[in-house]
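**Student:** I would like the atomic coordinates for the input below:
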Amino acid sequence: MRLLLDTHAFVWAVSAPAELSRRARQLVEDPSNELFVSAASAWEISTKHRLGKFSQAEPIIEGFSFAIDRLRSTELPIGVEHAIVAGRFDQPHRDPFDRMLAAQAVIEGAALVSRDAAFAAFPVAVEW
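**Tutor:** Presented below is the predicted three-dimensional model:
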């Protein structure tokens, strides 16, 4: 199964796995699943840290690539096709990070690992 971790799922997977649901934890730990972490998550974490909304993010930012490797996941860059789809979604949801994650999940054929109900508005499979 191809899985794209949303930002919170990534943070919890690397720093507080108990915050993940049982199902999400099983999916992340299953070596037969292909995990992806979006560059949008690095952007979101860094932005929230800069704005003072995520003060404990420094170790995650500094060790981002290591954390991706530790989860045996793959970095998912933001491409032009992702950006176009994210911008074209008709959904009224305004969060650019969520829009990008949803677009990437759709294009990459991945389910999104998230507990965020906002993703229900997008044409993407969600696992939690």
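**Student:** Can you show me the strands along this structure?
**Tutor:** With DSSP state E, the ranges of strands along the chain come out as 2-5, 34-38, 73-76, 111-113, 126-127.
**Student:** Of these, which is nearest Ala24?
**Tutor:** strand 111-113 (5.4 Å; Cβ to Cβ). The C-beta positions use only the backbone N, C-alpha and C, and glycine is treated the same way.
**Student:** for the closest one, packing partners?
**Tutor:** strand 2-5, helix 22-29, helix 96-108, strand 126-127 (3 or more Cβ pairs under 8 Å, 6 or more residues apart in numbering; DSSP states H and E).
**Student:** The longest one vs strand 34-38, what angle?
**Tutor:** If I follow you right, that is helix 96-108. 140 degrees (axes from the mean of the first three to the mean of the last three Cα atoms, to 10 degrees).
**Student:** Can you give me the buried ones in helix 96-108?
**Tutor:** Within helix 96-108, the residues that count as buried by 16 or more other Cβ atoms under 10 Å are 97-106, 108.
**Student:** Turn these into JSON lines, columns for pLDDT.
**Tutor:** JSON lines is the format used below for the buried residues of helix 96-108 (pLDDT from 0 to 100):
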{"residue": "Phe97", "pLDDT": "96"}
{"residue": "Asp98", "pLDDT": "96"}
{"residue": "Arg99", "pLDDT": "97"}
{"residue": "Met100", "pLDDT": "98"}
{"residue": "Leu101", "pLDDT": "98"}
{"residue": "Ala102", "pLDDT": "98"}
{"residue": "Ala103", "pLDDT": "98"}
{"residue": "Gln104", "pLDDT": "98"}
{"residue": "Ala105", "pLDDT": "98"}
{"residue": "Val106", "pLDDT": "98"}
{"residue": "Glu108", "pLDDT": "98"}
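**Student:** Many thanks, we can stop here.
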